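Student: my questions concern the predicted model and sequence given below.
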Amino acid sequence: MAVSLKDSQDGDLGEVSDINVTPFIDVILVLLIIFMVAAPLSTVDVAVDLPVSNALPQPRPDAPIFLTVKGDLSLILGNDGVARETLGPTLDARTGNDREQRVFLRADGAVAYRELMEVMNLLRQAGYLKIGLVGLEDTGQAASPAAPAGGAVKP
């Protein structure tokens, strides 16, 4: 509570019911200063000196092996469907029993992570440990421009 120092008629000091906001403003200013000092510290990047690789880029295979997991969880090896039970022998026939060849795995966006991992486990059980995951490259360009809203095309 605050006290009013105005002269009252009876000589008593009357109580003022207004809130004293000075301590509140002091606390807010102190917090503002703390956050102004702490904010740049939270965005500091960790400096890491990464090693340079001297490995030669691997040549692209002439006929890459693509294994596709469709949205209905069926498997497609190249352009041919394959059952999960016969995936290993079919890959052996396609690669000539060369289990060092890389298998490129691609999946529909609707395929759950669990299902994709099951297919990767099937490849590992078949002896194919070199697996490459295939995705679309984001070039940052938008899709082709749409037709005008009116639908009119000038000849």
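Tutor: Structure received.
Student: C-alpha only now, for contacts and for neighbours.
Tutor: Fine.
Student: identify all contacting residues around stretch 90-106.
Tutor: Here stretch 90-106 makes contact (CA atoms under 8 Å, 6 or more residues apart in numbering) with 64-69, 82, 127-135.
Student: and for stretch 59-75?
Tutor: Outside stretch 59-75, the residues that touch it by CA under 8 Å, 6+ apart are 76-78, 81-84, 102-111, 115-116.
Student: cutoff 7 Å now
Tutor: Contact with stretch 59-75 is made by 76-78, 81-83, 103-108, 110-111, as judged by CA atoms under 7 Å, 6 or more residues apart in numbering.
Student: what's the first-to-last distance across it?
Tutor: Start to finish, the residues bounding stretch 59-75 are 27 Å apart (CA to CA, to the nearest Å).
Student: same deal with stretch 66-74?
Tutor: Termini of stretch 66-74 sit 14 Å apart (CA to CA).
Student: how about that stretch: buried residues?
Tutor: Residues of stretch 66-74 classed as buried by neighbour count (16 or more other CA atoms under 10 Å): 66, 67, 68, 69, 73.
Student: mind naming the longest helix for the protein?
Tutor: helix 22-42 (DSSP state H).
Student: circling back: give me the subset of the buried residues of stretch 66-74 lying in strands.
Tutor: 66, 67, 68, 69 (DSSP state E).
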